[in-house]
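**Q** Return atomic coordinates for the entry below.
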Amino acid sequence: MANKMKIFQFPCREDNYGVILSDPETGLVISIDAPEEEPIADVLEDKRLKLTHILTTHHHGDHVAANAALKAAHACEIIGPKKEEAKIPGIDKSVDHGDTFELQGQRIEVIGTPGHTLGQIAYYFPDQKAVFAADAMFALGCGRIFEGDAAMMHLAMQRLAALPDETKVYAGHEYTLSNARFAVTIDPENKALIERAKEIEHLRDEGTPTLPTTIGVEKETNPFLRAHDPKIRALLVMESATDEEVFAEIRARKDRF
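**A** Alright, predicted model coming up:
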């Protein structure tokens with residue numbers, strides 16, 4: 001079994017998170033996306049790490065802005081989504097949904113999560129019980145649909161929800177407070193959600209991150225994973241709709257929220 005990696009999550013830009021994974025035994029050091037050079041460089045310096053890889057999830061500027069600078073400083077390898085390889089600065093290798101690869105003994109599975117962008121991917125580390133979902137799944141939310149459609153995003157969320165319940169979910173942004181306020185309008189009788197919303201208010205009052213979350217918690221409380229729930233369907237007056245149609249309606253309401 002691969003070594004247990006150290007995972008460092010830290011704020012970048014206005015509301016992004018940077019994440020660095022480090023395996024002290026092999027020297028493997030991975031940045032999930034590269035939102036901003038300075039915070040990433042600061043963590044690397046503080047932990048005395050040399051970056052070996054950047055795993056890019058999608059082409060948006062707030063996820064690739066520091067690719068070139070970090071590659072110049074560390075000669076790291078950049079891996080990114082095959083469907084967006086022309087838009088990923090400095091990309092060396094592309095991967096697609098269903099691919100599995102290893103970095104110094106670490107197994108990484110690629111999950112296609114289109115919707116936010118057409119080629120977005122997530123990286124699942126089974127030995128670490130962690131998935132890096134970027135702008136597909138958020139705590140109590142899902143990504144805004146810019147390039148794809150609701151069917152794509154629904155599929156992306158279902159793929160992530162199929163991971164083991166204990167899987168930690170690292171997302172690209174701290175959006176949980178606004179997501180919680182919306183979620184209770186869709187699922188107002190969900191006791192687990194109501195308790196979680198209170199907890200999130202407290203965490204944000206303290207300036208504490210709400211991430212990572214877990215797949216199990218999201219299945220209980222995230223309305224975008226609960227399109228099958230009879231109470232949500234009744235509230236939306238969509239009892240006979242498909243899960244995909246209910247999901248699309250929830251996403252449309254979140255866009256207007």
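**Q** who's Lys168 bridged to?
**A** Legend: beta-bridge partners of Lys168 under DSSP bridges are Ala130, Thr214.
**Q** for it, what are its contacts?
**A** For Lys168, the contact set (C-beta atoms under 8 Å, 6 or more residues apart in numbering) comprises 128-131, 212-214. All C-beta spots, glycine's among them, are computed from the backbone N, C-alpha and C.
**Q** Helices of this protein, residue ranges please.
**A** Assigned by DSSP state H, the chain shows helices spanning 37-47, 61-64, 67-74, 150-161, 176-186, 191-205, 215-221, 230-235, 243-256.
**Q** what's the span of stretch 169-180, first residue to last?
**A** End-to-end distance for stretch 169-180: 16 Å, by C-alpha to C-alpha, to the nearest Å.
**Q** Which positions within that stretch qualify as buried?
**A** Under the neighbour-count criterion of 16 or more other C-beta atoms under 10 Å, stretch 169-180 has 169-177, 179-180 buried.
**Q** Hmm, Met152 is touching Thr117, no?
**A** No: using C-beta atoms under 8 Å, Met152 is not in contact with Thr117, being 9.8 Å away.
**Q** re the thing from before, reformat the helices of the chain as TSV; add mean pLDDT and distance to Glu85.
**A** Converted to TSV, the helices of the chain look like this (pLDDT from 0 to 100; distance: least, C-beta to C-beta, whole Å):
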stretch	mean pLDDT	distance to Glu85
helix 37-47	98	22
helix 61-64	97	12
helix 67-74	97	12
helix 150-161	97	19
helix 176-186	97	31
helix 191-205	97	36
helix 215-221	98	28
helix 230-235	98	38
helix 243-256	97	27
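**Q** Now tabulate those helices in a markdown table and tack on distance to Gly18.
**A** Listed next are the helices of the chain as a markdown table, based on distance: least, C-beta to C-beta, whole Å:
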| stretch | distance to Gly18 |
| --- | --- |
| helix 37-47 | 5 |
| helix 61-64 | 10 |
| helix 67-74 | 11 |
| helix 150-161 | 20 |
| helix 176-186 | 17 |
| helix 191-205 | 19 |
| helix 215-221 | 21 |
| helix 230-235 | 34 |
| helix 243-256 | 25 |
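**Q** Spit out the contact partners of His59.
**A** 80-81, 84, 87-88, 117, 119.
**Q** Let's see that with 10 Å instead.
**A** Listed by C-beta atoms under 10 Å, 6 or more residues apart in numbering, the contact partners of His59 are 80-81, 83-89, 91, 117-120, 147.
**Q** and if you look at Phe132?
**A** Residues counted as contacts of Phe132 (C-beta under 10 Å, 6+ apart) are 7, 17, 19, 21, 30, 32-33, 55, 57, 108, 111, 121-125, 168-172, 212.
**Q** Glu14 now?
**A** Counting by C-beta under 10 Å, 6+ apart, Glu14 makes contact with 35-36, 62, 173-174.
**Q** What ranges does the stretch 1-150 of the chain have for its strands?
**A** Applying DSSP state E, counting those that start in this stretch to the stretch 1-150 of the chain gives strands spanning 6-12, 16-23, 28-32, 53-55, 77-81, 93-95, 100-103, 106-112, 121-125, 130-134, 137-138, 141-142.
**Q** would CSV of the ones you listed with distance to Leu225 and mean pLDDT be doable?
**A** Output for the strands of the stretch 1-150 of the chain, formatted as CSV (distance: least, C-beta to C-beta, whole Å; pLDDT from 0 to 100):
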stretch, distance to Leu225, mean pLDDT
strand 6-12, 22, 97
strand 16-23, 21, 97
strand 28-32, 22, 98
strand 53-55, 24, 98
strand 77-81, 23, 98
strand 93-95, 25, 98
strand 100-103, 25, 98
strand 106-112, 15, 98
strand 121-125, 15, 98
strand 130-134, 12, 98
strand 137-138, 8, 98
strand 141-142, 9, 98
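**Q** Arrange the ones you listed in JSON lines, one row each, with distance to Phe224 as further columns.
**A** Formatted as JSON lines, the strands of the stretch 1-150 of the chain follow (distance: least, C-beta to C-beta, whole Å):
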{"stretch": "strand 6-12", "distance to Phe224": "22"}
{"stretch": "strand 16-23", "distance to Phe224": "19"}
{"stretch": "strand 28-32", "distance to Phe224": "21"}
{"stretch": "strand 53-55", "distance to Phe224": "24"}
{"stretch": "strand 77-81", "distance to Phe224": "21"}
{"stretch": "strand 93-95", "distance to Phe224": "25"}
{"stretch": "strand 100-103", "distance to Phe224": "26"}
{"stretch": "strand 106-112", "distance to Phe224": "16"}
{"stretch": "strand 121-125", "distance to Phe224": "15"}
{"stretch": "strand 130-134", "distance to Phe224": "12"}
{"stretch": "strand 137-138", "distance to Phe224": "8"}
{"stretch": "strand 141-142", "distance to Phe224": "4"}
